[in-house]
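A.B. asks: Just a sequence and a predicted model for now, questions to come.
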Amino acid sequence: MNTGRLLAAFLGATTVALLVIGTVWPVPSAAAYAGRTGILRSSSTPEEAVENLGDEIRTQAWGKAYDSLANKAQFTEPELVHDLTGYYPSLLTYTTLDKFEVRPLHSSANEAEVELKLHWATVVGSSATTRDLRVVKNGDRWEPEWPIVKEVRVPPQVIPVNYLRWDVIYRGAGDDWGAQDVEAPHVRIVDMYPVERADGVVILGELLNEDVVPAYVSVSATLLAKDQSPMATEGSFDKISHLLLPKQVTPFLIKFPDVSLSNVGSIRMTPMSALIAASADPVIEIENEQLHPAPGASLTGQLINQSGQIVNVAHVLGTFYDKTGHVVWVADEYIDQALLPATAVPFEIRVPEDLARNISSQRTVIATYSAGGSL
Amino acid sequence: MRARFAVVLGGLAIATTQLAFAEAGSMTLPKTVEAGAAFSIQSGGSGKATLYVVGPGSVLKRDVQLGETTFFPAGSLFNAGHYVAILAEDSSTESSAFDVLPASSPTDLSFLARPSRLPVGLHDGITGAAYVFDVYHNLIVAPTSVSFELSSPSGAVQKRIVETQDGAAWTVMDSTAQQGIDRFVARIDRISSARVVEQVPGDPCGLKMIVEQSGRELQLRTDPVRDCNGNAVPDGTIVTFTEAYKGGQSTVDAPLKRGIAEVQMADHSGATISVASGVVLGNQIRWEK
């Protein structure tokens, strides 16, 4: 009994002692996360000045970040915050900075250029943005200049939009058992191709909505061994445009990690479709699509929202074909800024280097999400 | 009471072996009874007994005087199926089986029509199945003629008369060449059940666009889009415009609105502009300023 009390007293005293030590002499990172002080360096070099700025962005210490800038007279603090997190609700609005990388580009005695790569943790995964910062020496300190991208102003105008929308009324619980329900949309897999990659098997393909109503779609695949026993089942998850309007085609990609194609006897594809209330707008133009060969193989282009409605999140899916028209690869990218009407927003989809030389054409589709609307 | 219940259970067991002797012993009862009809069971002998009638979803119990006729009024038994009548006396049990058959006149029809939406011009694309029931919702298994009629807005009518087999009749019909809401009716005498079948246009046919200069941009517009039967393809159908030019390509997926798809794209002299919808390709235009 006495031993137990002694142990409890010892643990209590130790806890209090550690709390006091942690409060009086906190580690810099803990203090930074608590918002008390930054883990700031002296800003005696251009890299340190940019690292300090990165830390302030990560802890969302917007006031300190703004104060540390050499060119703060050119914009306000809210403009800096909006430049980083979006002027309109977008993928970056509800994100935090996961980490950042600083890379010096060049420097002189009073001026330097430093690349700041920001890795944002978004709901759809990591999103990286890169800014090249000019850093100037002010006395014994270096101060970065923020390359502000000011809000794009859409000129006042009226954009006539003839909104087209589908709503669905399903059968009721009290209907006779023989009564019809609304028919699920008819969809069809128009292309399917398994590919062996270093990390497993990937199934690529395209799905067509051949109906006259919008469809919520997804595709799953089951790999069957040579004795027809099921090996694994996976779905397309977000490597597909889930909303398909009539006669629209989406690519899909299904990954089977750690599976060898030589062990696969056959593949069972299961497309799923359901009726969904949807709108035919907005219409997004994909302009200036360009395929860039390896090294750094990619598809670049610009998205232009031709409607009057702001698109908060856009998902770009690229389908890549070889000379014979077979699907070679499917890749995607989420756009981390809102699409304003008639405003071009660039995108870049990376393509595996080893496949790039086989690609001769591509087709790009956009899935969009607008606040208050549906995908 | 427990002893009597045991006797009844024992009687049920015995009854299963006595189905072929429905009128055996002192009990006389009809071999078949129409659902809902009145019937009677005659018992022989003298004294008192209890008569049980056990069948699907129902049990009847009567205290009877042996040697008299027990009357069951109309509506006593209405679930079609196999029944057992058990006459339980203090010292013995007698049982006999009979069938309750569905009423002969149909009063209800369940009609399944599939699909509710399909493209025009599809051979055997529409199926209809009808199930015939009596007033007590018993499936009438006796052959009954069911008339199926599919009428389209154009006035065309497809009609089939099918005899039921084990209570069900089914047929297949073609979707017609004209889009619209078809009325699919199954009928027996004056009883009918109707469903609607929506016939929708098929894939676009002869998809064609024109290109015009509109300021510094190009205006691309399709002709009214129709399927191969001349039906207007519905609004919302996606039409893909692709402009391929030196060093790049631009694409727009535009929905049909009021029968046509229309977009504006950048003006690139020498560009090849094509149009498609789903897996259907339209015309191709080489644009020169």
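C.D. replies: Looks like it arrived, so ask away.
A.B. asks: Specify which residues of chain A, grouped into ranges, have pLDDT under the cut-off.
C.D. replies: Along chain A, segments meeting pLDDT under 70 span A:1-2, A:28-41, A:175-179, A:372-375.
A.B. asks: Next: the stretch 51-200 of chain B.
C.D. replies: Checking the stretch 51-200 of chain B against pLDDT under 70 turns up nothing.
A.B. asks: buried ones in the host helix or strand of residue B:162?
C.D. replies: Element membership for residue B:162 (DSSP states H and E) is strand B:157-163. Residues of strand B:157-163 classed as buried: B:158, B:160, B:162 (neighbour count, 16 or more other CB atoms under 10 Å in any protein chain shown). Bear in mind the C-beta positions are built from the backbone N, C-alpha and C, glycine included.
A.B. asks: cool, stretch B:214-234 as well?
C.D. replies: The neighbour-count check on stretch B:214-234 (16+ other CB under 10 Å) flags B:218, B:220, B:221, B:222, B:225, B:226, B:227, B:229, B:231, B:233, B:234 as buried.
A.B. asks: so does that stretch get close to chain A?
C.D. replies: Yes - using CB under 8 Å from any CB of the partner chain, stretch B:214-234 comes into contact with chain A via B:233, B:234.
A.B. asks: quick one: average confidence on that stretch?
C.D. replies: Mean per-residue pLDDT for stretch B:214-234: 94.
A.B. asks: Next up, the contacts around the nearest residue to residue B:193 once chain neighbours are set aside.
C.D. replies: Distance criterion CB to CB, 6 or more residues apart in numbering or on different chains; nearest residue to residue B:193, sequence neighbours excluded, is residue B:111 at 3.8 Å. Contact analysis of residue B:111 by CB atoms under 8 Å, 6 or more residues apart in numbering or on different chains lists A:178, B:128, B:129, B:130, B:131, B:186, B:193, B:194, B:195.
A.B. asks: residues from the stretch 101-250 of chain B in reach of chain A?
C.D. replies: Contacts of the stretch 101-250 of chain B with chain A, taken as CB under 8 Å from any CB, map to B:110-118, B:131, B:193, B:195-196, B:200-201, B:203-204, B:233-239, B:247-250.
A.B. asks: mind running it again at 6 Å?
C.D. replies: Neighbours of chain A within the stretch 101-250 of chain B, by CB under 6 Å from any CB of the partner chain: B:110-112, B:115-117, B:195, B:200, B:234-238, B:248-250.
A.B. asks: show me where the stretch 1-150 of chain A has strands.
C.D. replies: For the stretch 1-150 of chain A, the strands defined by DSSP state E, counting those that start in this stretch cover A:96-107, A:111-122, A:125-138, A:141-145.
A.B. asks: can you pull the alpha-carbon coordinates of the second one into PDB?
C.D. replies: The C-alpha atoms that make up strand A:111-122 are tabulated as PDB, following Å, rounded to 0.1, in the frame of the first residue of the first chain:
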ATOM      1  CA  GLU A 111      20.000  40.300 -53.700                       C
ATOM      2  CA  ALA A 112      19.100  36.600 -54.200                       C
ATOM      3  CA  GLU A 113      16.500  34.500 -55.800                       C
ATOM      4  CA  VAL A 114      15.100  31.500 -53.900                       C
ATOM      5  CA  GLU A 115      12.600  28.900 -54.900                       C
ATOM      6  CA  LEU A 116       9.900  28.100 -52.300                       C
ATOM      7  CA  LYS A 117       8.000  24.900 -52.900                       C
ATOM      8  CA  LEU A 118       4.900  24.600 -50.700                       C
ATOM      9  CA  HIS A 119       3.400  21.100 -50.100                       C
ATOM     10  CA  TRP A 120      -0.200  21.600 -49.100                       C
ATOM     11  CA  ALA A 121      -2.200  18.700 -47.500                       C
ATOM     12  CA  THR A 122      -5.500  18.700 -49.200                       C
END
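A.B. asks: That one: which residues count as buried?
C.D. replies: A:112, A:114, A:116, A:118, A:120, A:122.
A.B. asks: That one packs against which elements?
C.D. replies: helix A:46-58, strand A:96-107, strand A:125-138 (3 or more CB pairs under 6 Å, 6 or more residues apart in numbering or on different chains; DSSP states H and E).
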